[in-house]
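1. have a look at this fold, sequence not included:
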DNA sequence: GCTAAATATTCCTTGACACGTATATGCTCC
DNA sequence: GGAGCATATACGTGTCAAGGAATATTTAGC
C-alpha cells in the first residue's frame, strides 16, 4: 500500500500536526475534527489513515462514528531522536547565561542594554 | 528563493537528519561530511544550505573549507511542539505501570509471564 | 595570473504526495 | 429494506522537492 514513512515525514504535514494537537485534548470523531479544523471530510479521513498506519492514533467504533485517540509510541520515537541534541543545546543555554552574567558584572548597576528576559530559571 | 519551510519539513529528510547527527559530535567541513556519509558533494552542499537557511547550522570560513556546526534554536522549537504531548504519553506509561503492578499482585510469586524489563524507573 | 582543491549553484528530470470531486461502504432507525 | 448520516476510498491533477550531472565561484600556493 503505502510507502514506509518515518515519523518525521508524518509530522511534517501541517494538517496532521493540527489533528494531533486537537486529539491531545480528548478523543474526537471524524466529524468533530472536520468542523473544528475546517477541513473537507475526505482530507481528514485521509490524514487519519496515514496517522493510524504510522501508529500515531487508533480508533474505536461508536455506531456510525469512529472515535480517534492518540497513541504514545511515535511521539516517544521523536523524543528519542531529539535526545541526542539535548546535551548540546542545554550546553549552549548555559554558555549564554555565563556570558550574560559576565556582562552584568562588567557593567554593574547600569542596565544599559535593557534586557527584559528573566534569566537563571531552572533548566528544563 | 526558497519556500519558507517549517522545522518539521527540514528534519523530515533522512540525509539531513544524518548530517545533523554527525554535526552534534563536532563541527565538520563539507568534505568530511561527504566522506563519512558517502553522499555526493552537491547533495551535501544543497542540504547544508537548507539547514543553514532554517537556522539549524551555521558556518565559518577556514581557508577553502567551510566548517559547519549546529545551532540550538530549531531543536528547541521541535521540543516545544513535542512538549504538549509529553503529559499525555507519560500518563500512558504510568497507566501501563499500574496495570502491570496489578497483574503482579494478582499472580503472586509465580513470575509466570517472565517479563524482563525493569519497571518503576524514574520518569524522564 | 594559473592551477588545483573545496564548495556552491544551475538545470533538468522524476517521483511523491496533498487536494478536490465523486463515489463507495457501513451503520442506524423506521 | 430503504433513507439518511458518517466515514472511507478511488481517481485525476498540480506542485514541489530531491537527485544527478555539469558548471561556476572562491581560495591557496606558486
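-> Arrived safely. The structure displayed is predicted, hence computed values, not measured ones.

2. chain A against DNA strand C: which residues are in contact?
-> For chain A, the contact set with DNA strand C under CB under 7 Å from any atom of the strand comprises A:2-3, A:5, A:9, A:12-13, A:15, A:40, A:42-43, A:46-47, A:50, A:61, A:63-64. Where C-beta positions appear, they are placed from N, C-alpha and C, glycine not excepted.

3. which of these tops the neighbour count?
-> Using other CB atoms under 10 Å in any protein chain shown as the neighbour test, those are led by residue A:47, with 22 neighbours.

4. check contacts around that residue.
-> The contact partners of residue A:47, by CB atoms under 8 Å, 6 or more residues apart in numbering or on different chains, come to A:13, A:15-16, A:19.

5. re the thing from before, now, the residues of chain A next to DNA strand C that are in helices?
-> Judged by DSSP state H, the subset of the residues of chain A next to DNA strand C located in helices is A:9, A:15, A:42-43, A:46-47, A:50.

6. list just the nearest of these to DNA strand C.
-> Using CB to the nearest atom of the strand, residue A:42 is the member of those that lies nearest DNA strand C, at 3.8 Å.

7. could you report the pLDDT at the closest one?
-> pLDDT, residue A:42: 97.

8. mind naming the longest helix for chain A?
-> helix A:73-106.

9. how about the residues of chain A near DNA strand D?
-> Checking chain A against DNA strand D by CB under 7 Å from any atom of the strand, the hits are A:29-31, A:34, A:41-42, A:44-46, A:48-49, A:59, A:64-66.

10. mind redoing it with 6 Å?
-> Where chain A comes near DNA strand D, counting by CB under 6 Å from any atom of the strand, the residues are A:29-31, A:41-42, A:45-46, A:48-49, A:59, A:64-66.

11. of all those, which two lie farthest apart?
-> A:46 and A:64 (18.8 Å; CB to CB).

12. and the closest residue to residue A:69 other than its chain neighbours, how many residues sit next to it?
-> Once flanking residues are discounted, residue A:69 sits nearest to residue A:27: 3.9 Å by CB to CB, 6 or more residues apart in numbering or on different chains. Per other CB under 10 Å, the neighbour tally for residue A:27 reads 16.

13. so who does residue A:27 touch?
-> A:67-69.

14. any idea how far residue B:92 is from it?
-> For residue A:27, the distance to residue B:92 (CB to CB, to the nearest Å) stands at 13 Å.

15. now do residue A:22
-> 18 Å.

16. hang on, the earlier thing: now do the longest helix of chain A: which elements does it pack against?
-> helix A:7-10, helix B:14-23, helix B:73-106 (3 or more CB pairs under 8 Å, 6 or more residues apart in numbering or on different chains; DSSP states H and E).

17. go through these and pick out the most buried.
-> helix A:7-10 (a mean of 20; mean count of other CB atoms under 10 Å in any protein chain shown).

18. in the sheet, who's paired with residue A:28?
-> Beta-bridge partners of residue A:28, counted by DSSP bridges, are residue A:68.

19. from what I can see it touches residue A:65, true?
-> No. Counting by CB atoms under 8 Å, residue A:28 does not reach residue A:65; the two are 9.6 Å apart.

20. ok, these two, which is more surrounded?
-> Taking other CB under 10 Å, residue A:28 and residue A:65 do not tie; residue A:28 has more neighbours (22 against 14).

21. OK, contacts around the more buried one?
-> A:22, A:36, A:67-68.

22. so which of the residues you listed is the most crowded?
-> residue A:68 (23 neighbours).

23. so it is in contact with residue A:48, correct?
-> Yes. Under the criterion of CB under 8 Å, residue A:68 makes contact with residue A:48 at 5.9 Å.
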